[in-house]
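Asker: okay, predicted coordinates and the sequence, questions at the end:
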Number of protein chains: 8
Amino acid sequence: MENELRELLESVRSGRLSVEEALSEWNKQSYEDIGYAKVDLGRQKRQGVSEVIYGAGKTGDQICGIAKTLAERGQTPVVITRMSEDKAAMVGDVLPLRYDPISHCGIIGEMPIPSGIGCIAVACAGTSDLPVAEEAALCAEVFGNEVIRLYDVGVIGLDRLLSHLDELRSASVVIAVAGMNGTLPTVIGGLVSCPVIAVPTSVGYGTSFGGVTALLSMLNTAASGVTVVNIDNGFGAAYSASLINHMEVGK
Amino acid sequence: MENELRELLESVRSGRLSVEEALSEWNKQSYEDIGYAKVDLGRQKRQGVSEVIYGAGKTGDQICGIAKTLAERGQTPVVITRMSEDKAAMVGDVLPLRYDPISHCGIIGEMPIPSGIGCIAVACAGTSDLPVAEEAALCAEVFGNEVIRLYDVGVIGLDRLLSHLDELRSASVVIAVAGMNGTLPTVIGGLVSCPVIAVPTSVGYGTSFGGVTALLSMLNTAASGVTVVNIDNGFGAAYSASLINHMEVGK
Amino acid sequence: MENELRELLESVRSGRLSVEEALSEWNKQSYEDIGYAKVDLGRQKRQGVSEVIYGAGKTGDQICGIAKTLAERGQTPVVITRMSEDKAAMVGDVLPLRYDPISHCGIIGEMPIPSGIGCIAVACAGTSDLPVAEEAALCAEVFGNEVIRLYDVGVIGLDRLLSHLDELRSASVVIAVAGMNGTLPTVIGGLVSCPVIAVPTSVGYGTSFGGVTALLSMLNTAASGVTVVNIDNGFGAAYSASLINHMEVGK
Amino acid sequence: MENELRELLESVRSGRLSVEEALSEWNKQSYEDIGYAKVDLGRQKRQGVSEVIYGAGKTGDQICGIAKTLAERGQTPVVITRMSEDKAAMVGDVLPLRYDPISHCGIIGEMPIPSGIGCIAVACAGTSDLPVAEEAALCAEVFGNEVIRLYDVGVIGLDRLLSHLDELRSASVVIAVAGMNGTLPTVIGGLVSCPVIAVPTSVGYGTSFGGVTALLSMLNTAASGVTVVNIDNGFGAAYSASLINHMEVGK
Amino acid sequence: MENELRELLESVRSGRLSVEEALSEWNKQSYEDIGYAKVDLGRQKRQGVSEVIYGAGKTGDQICGIAKTLAERGQTPVVITRMSEDKAAMVGDVLPLRYDPISHCGIIGEMPIPSGIGCIAVACAGTSDLPVAEEAALCAEVFGNEVIRLYDVGVIGLDRLLSHLDELRSASVVIAVAGMNGTLPTVIGGLVSCPVIAVPTSVGYGTSFGGVTALLSMLNTAASGVTVVNIDNGFGAAYSASLINHMEVGK
Amino acid sequence: MENELRELLESVRSGRLSVEEALSEWNKQSYEDIGYAKVDLGRQKRQGVSEVIYGAGKTGDQICGIAKTLAERGQTPVVITRMSEDKAAMVGDVLPLRYDPISHCGIIGEMPIPSGIGCIAVACAGTSDLPVAEEAALCAEVFGNEVIRLYDVGVIGLDRLLSHLDELRSASVVIAVAGMNGTLPTVIGGLVSCPVIAVPTSVGYGTSFGGVTALLSMLNTAASGVTVVNIDNGFGAAYSASLINHMEVGK
Amino acid sequence: MENELRELLESVRSGRLSVEEALSEWNKQSYEDIGYAKVDLGRQKRQGVSEVIYGAGKTGDQICGIAKTLAERGQTPVVITRMSEDKAAMVGDVLPLRYDPISHCGIIGEMPIPSGIGCIAVACAGTSDLPVAEEAALCAEVFGNEVIRLYDVGVIGLDRLLSHLDELRSASVVIAVAGMNGTLPTVIGGLVSCPVIAVPTSVGYGTSFGGVTALLSMLNTAASGVTVVNIDNGFGAAYSASLINHMEVGK
Amino acid sequence: MENELRELLESVRSGRLSVEEALSEWNKQSYEDIGYAKVDLGRQKRQGVSEVIYGAGKTGDQICGIAKTLAERGQTPVVITRMSEDKAAMVGDVLPLRYDPISHCGIIGEMPIPSGIGCIAVACAGTSDLPVAEEAALCAEVFGNEVIRLYDVGVIGLDRLLSHLDELRSASVVIAVAGMNGTLPTVIGGLVSCPVIAVPTSVGYGTSFGGVTALLSMLNTAASGVTVVNIDNGFGAAYSASLINHMEVGK
């Protein structure tokens, strides 16, 4: 901000900009107002990744409008999460959408070539955790990461997990997805020495309380190096994992 | 009940008892009323183990009175759980009490010779879980069981647990005691094929919520063969484990 | 594990296996990876009962695939719990499924001949608890137990329960199923001297909170010998009860 | 209110009162303002019982001041609930207080001669529930009822309760006091045909949650005729029970 | 119970009954087992009112079966609560059912002539509370009470309530029904001197939490003489109110 | 009330009214009883705004009846909140309703000309918060306020909010609407010096708990000058904001 | 911000400030960093009232340091809330503190002369609510308001409240303070037509849950014009009330 | 694991080890059993950091014993968190402990020279959050990181935070510590593009619920790149942050 201000002041001092022009420049919006939304066009510059559209609370028309705005401004690939199949059909009529029915994610634009320090391993405990795990995996790919998928490796029948130990240990970051009592990140946290991002899922019944038990279990893990995101938040885990996998030496 | 009634009816029919005597016999109380308590003298006959005194909500005098009544009626060994050191001192002045400051249990009378199908393994996750684990272990011994203690075998540093696998697998029943996120019973449940009784403890901070997180984790375990008791309820786990370890073939 | 390792080492020492063969043997997976699931084929050997398929979070196709894998590998009878009628129809088109619409369980393969120390009594408080009680009863039969069903024996109108006292007392284990305030296990626990496994159900309204009140009531019971499983978890109760009913003397 | 207004209007119409006098009469306060409190002097007339002083949130001085005001205005007996021993000593220095250390209640003035339809039975499950049960019993006596005390009659060892069945059934109202899982009112509700007022107590540990589990259990009882008051609210139960025991035929 | 036993003993002593006949008499079930239910036929004798069928958790067939059993055994009027319109149609095809779509109650058999000390006032706060208020009112009538209905008398616009003060004060018992923050029983409790039974309803949104806020408000009322039942439990309030309204002097 | 009473007394004293006439005047109801509702006709006089109809818990017929009663008595504009489209169609057939499908509000009668000290700014964090924000905005207009709408100005991409700072600071009151973690009112509270009314919305997933997290966040804000209303209660916020915007100097 | 920036740009353009001077001006901190705190010196200018020190989480030394910094910079009167008596003594040794033991507030510097549209009425339900009510009253006075105190006017014995109706109705804003079930703001909200700010207190026992029940009751009030602050937050209520009472016409 | 096994098999094949020696080698414990604890000596090798002693649940003797064991085995620096001053004194008598009374941490042994990609910024919202922030900062230093401390930079008075923007943006990872409504990580998350680890603290009152509100707020943040640890878990945040700051390129 100081740099931008210094630049502005210099422009005024040098006479290149009038006071009014400088004010207008300062106020130039980094978003586009399309009525029902103020589309953030500065996030890619500000945070390295363009705005991700959370589809659940929006109409098909609204999703279209926001996606179009992002795409037209070059903020691609555009990702839409939590989008139902029928909304995807509406969007697909208007925009070149690729939709994945497992993760309920839609993508517009080219996938980036994977970069980063290493790869991101996405592990999930059971078959029912697949939608969340795939949201994480797909988003991680959109954010430019190579992804290893390790699915249905719950802690009962531990050799299912242990036989993939080498892959787990090869990862820069592990995203560990689990419902019910959410034990998987604890066990993985005891086996690897990289950061683990735990994602509780709403899978379970009775006292699983829609993912709260898994969340609490993860927050109270005895395993060090584990941090947690909101229930079913595969996207959030992928975002943080990608930031970690893109840490720059010498920064 | 039918047998007792049949007996009574026969006694009346045969003239051995008058109607009034029969009624009086029927009403003979199986407890002794000592004012502040109605001491249950029938539990040993009814359930195989005499009444255990829960010390927490009682004064030293009340504990003394109840313990004395039980002891005098031959309901030994008498166990008092959750008894503070100062109440133990008060009771010890009056009765031949052996007090264990770790488990906060006091015992009056001889310990039984271990019996049962096999032994009971009591495993706990961390050092802070010791009071609950010892309550379970001591009570199990009072109820006539051989006990194996496996302490501080939490799932981080899994070899601490795995190096005791043979002992775990030799048990008739495992009591798995853990606070925080209560993962231990899940991992043990995946390793043994005997019943596991899970005891959540109130050890932890923040979202451990005084043991609720551990409890929820245990109730939602993917491991089969695991049942759960109340938070910190070492006594209850020991009681159930002892019943299981004393199952009678041919019953 | 030590035994298996010793065997392996002996094989290598004796030259019967090369180092590579020994490693391959060690790594031989005890599960089959069918994409959306890693089917556990070792559970029957490890825990005496083959993997039970939890149908609720899976598609009909996924259930079919897992069931087929288990059946082909001789892991029968295959049980699928929480399976809706329409999924059952899908599975029934492909596999010889017997479906029970009350408990929502499906079974593939022959039922075992009952074994065990004695029988398992499944008692439930009201008509609405039948689905959970039947899940418990059916699973207990699949696991090789004789089952006594005592339904609608809630504590109001206590003689409904008391007139079945002899049957209750004849059991090795009692599974007590109740919703609302979950009083049944407490009353049964005061009447029998065998282990009682309490199953809270989600039956009720208002402050029954989908079974939480019943669960809390059971965890706080004054009756000794009662342990608890998750809300509506008839399968889990049956599993533990079966382990208890199959305790081996001289183990 | 209409009657009072009619009277006022008539007085004005007849000239007996001027408009100003009528207004002043209307506004005559039914309470006395002593600074830190507005002491309700109309409750005895309005509701048949004088204001009961809740001692917990007040200083000894404040309790003295309110009690004195009530006593001087003839609103006796004055009852103070939840008063610690040291506050009782302070009040006792100034006023002729009788203090009961079990129920933490203090009384000033003569006890009334019991009246009402019948008697009130106060039953509690365990020794630890005595303070609440005694608050209920004592208050019921202050409100002019004969009280039967049935203590330590929890549902384990059911004959402790059943041997007092005649006394229970002789009561006009039963107050059933219990902590832990609060089963007592359910069992009593199934045995008697008079109204039962259930009082949960904060006795218990772990998931008893300071009485919440007992409360939930009571609210979800299958026994008809049971209503519930706040946790530890012995006074409130006594108040309602007394109203019921003083129902007037022909009202 | 003692009386029944005495009678039995006398019969045996006098030779009127053989021991076997006496046992058979004793065991004569007070319920009828119709497979999916054990219909309680003793409740009318035991508690003065026949079993009320809770329709919510039962199929139309089950309701029919239970209702038919009760009706055939003369346990009328039969009331079914929480019965949907389509189930009512099914029952109405088989039995002479009168169905009230507001309260979702169905009745079979003649309504009793009102008896009791006085009448029961049923007051509710808003239009949305009508279903619960009507369940209470209708059940109270079935139980033989005269009922005054005071609907939509919430505390905002207090004169709606105050203009009915005479009716409120004429009642033996007031049932006060309210959702949202459940203030109505508190205000009524301050205006009347008879027992008030508070019924929280699940009406509201956001932090009304399906009636929990109303329930908590009622439990914490400063008004004396108020007891509470479960959320939406109009039937339970009516049952207790009826017991109170039928208190017998000289009992 | 005193004034009204004085007037009445004077009328009686002067002979203008008889006692009976005075009583009748006093009792003249300020509401109209239409069976299912007692329509409040005094609120506009008492509180400056006529009764707002909460449509969620009422049938189309009931809404019509109440709206008609209000309209006929000149209590316009009539606002109906939380009315579904199909109920709106029913009402629209009978009454001249203008319905807004975003806020689910319907209005009958002319909108007032804006008055008040200044304007009310309604800001919301995201597109999904629009229904609640519009309920607030529309109601504020009905209550006679000028409204500034600032939508989708969440704290991520802070310049979306900051570029509207002048508008925010020009307002008399700000209504800040937000779901998820409800940060918006905190940030606005730190930027403006007028009262802020925070409205949590039920927008979010997982641990947003239907608005509870947003509510808690708002209640615990470090920003001074922020008060809170119930989840999704746009109407309530508008009502309070309008009162504030219509404060009268010299009152 | 735009104005400040324009000013800065003009200064640079006109040569009055160099670019570096302008940057330095822009960055001039509005706070003073004293190590353990960054004391906000801009709040009085930004929001009209200087920073209020929340004493609960700070040591006596820290309070002294912050208070001194504020006082020396002319940010008086300084208010410290939630300060224990012993910390007050420490601060009083160093600074000219006036301490009020009821509200636990301390004040340094002169009280302002009351200003604003009218006065603020602070009403509380019971004697135990005094500390919170006094915190609100005192803070309101510090913020320059005239305050009317109406204490112990709970809704039982409604005439205590009604006899002060004129005072209530004369206020610009009412702060309604209540614990237990928090009914007071609802009743006041129905009686007045000015904004009501509800303050739940932690007074109560059992299910009052430390003020949560009062809070929920207030959030779900049917009274319009009521907004809510955090439990025991007398200061916050006073702050908002003062803002409202100082609304400027013509702003 | 495979590598270790291969090595073992080769040793046996080559005759260098006998089968028994190989088994003994395999079983060599990676921990030391000191009775009350099994001290993990493999964590430094396994996870790069030696075991951290959680002091809260342990006696001074136990802390000494474990610390001594770690120190003697070269697992330094030893860190003890949550250690009270008196326990620190006990440990300090035996071992060369440096104790920090703000963070309640003790350290034995030399601090490492900072390494890693960049530095870790630890920001906290208020003075009361200092203990948790310092636990995070100190632990991060122990784990070999350079730490920037930014304290009392809460979002009210936003320029306190913004004036440190350059420092924030220079960090590899930000640890954001906040109580109350936990807004800080959300605001920081919108300003930086590196991973943010959010630590809720138990600072607050009323509905802050001991940190739960802050936690929920953080889990529901709209800011991407934020993950969360348990309430007050400064250590855990430091551990994860250190892993991230030590990511190795080319891994």
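Answerer: Nice, thanks for sending it over.
Asker: and residue A:79, how far from residue A:51?
Answerer: Shown here: residue A:79 relative to residue A:51, a distance of 9 Å by CB to CB, to the nearest Å. (Glycine included, C-beta is placed from N, CA and C.)
Asker: neighbour count winner among these two?
Answerer: Between residue A:79 and residue A:51, counting by other CB atoms under 10 Å in any protein chain shown, residue A:79 is the more crowded of the two (28 against 23).
Asker: remind me which helix or strand that one belongs to.
Answerer: strand A:78-81 (DSSP states H and E).
Asker: that strand near chain H anywhere?
Answerer: No - Strand A:78-81 stays clear of chain H (CB under 8 Å from any CB of the partner chain), getting no nearer than 11.7 Å.
Asker: could you point out which element follows that strand?
Answerer: Immediately after strand A:78-81, counting by DSSP H and E, sits helix A:85-94.
Asker: which outside residues touch the following helix or strand past that next one?
Answerer: Remark: after helix A:85-94, the chain's next helix or strand is strand A:97-100, criterion DSSP H and E. By CB atoms under 8 Å, 6 or more residues apart in numbering or on different chains, the residues outside strand A:97-100 that reach it are A:80, A:83, A:85, A:88, A:91-92, A:105-108, A:134, A:138.
Asker: and if we set it to 6 Å?
Answerer: A:88, A:91, A:106-108 (CB atoms under 6 Å, 6 or more residues apart in numbering or on different chains).
Asker: same question, stretch A:159-173
Answerer: A:117-121, A:148, A:150, A:153, A:192, A:194-195, A:241, A:244-245, C:29-31, C:38.
Asker: so how far is residue A:75 from residue A:53?
Answerer: Taking CB to CB, one finds residue A:53 at 11 Å from residue A:75.
Asker: more neighbours: which of those two?
Answerer: residue A:53 (24 against 21).
Asker: hmm, back to that, among the contacts of strand A:97-100, name the buried ones.
Answerer: Buried by 16 or more other CB atoms under 10 Å in any protein chain shown: A:88, A:91, A:106-108, out of those.
Asker: now the residue of the stretch 101-250 of chain A found nearest chain G: which helix or strand?
Answerer: Nearest residue of the stretch 101-250 of chain A to chain G: residue A:212, at 18.4 Å (CB to the nearest CB). If you go by DSSP H and E, residue A:212 is part of helix A:212-219.
Asker: mind listing the helices for the stretch 151-251 of chain A?
Answerer: With helices called from DSSP state H, counting those that start in this stretch, the stretch 151-251 of chain A shows them at A:159-162, A:165-170, A:184-189, A:212-219, A:234-245.
Asker: chain center to the third one, what's the gap?
Answerer: Averaging C-alpha coordinates over helix A:184-189 and over its chain gives two centres that are 21 Å apart (CA atoms, centre = their mean, to the nearest Å).
Asker: got it, and stretch A:133-146?
Answerer: 7 Å.
Asker: and for stretch A:31-40?
Answerer: Worked out by CA atoms, centre = their mean, stretch A:31-40 lies 21 Å from the chain centre.
Asker: same thing with stretch A:207-221?
Answerer: 21 Å.
Asker: can you check stretch A:206-219 too?
Answerer: Taking CA atoms, centre = their mean, the mean C-alpha location of stretch A:206-219 is offset from the chain mean by 22 Å.
Asker: many thanks, have a good one.
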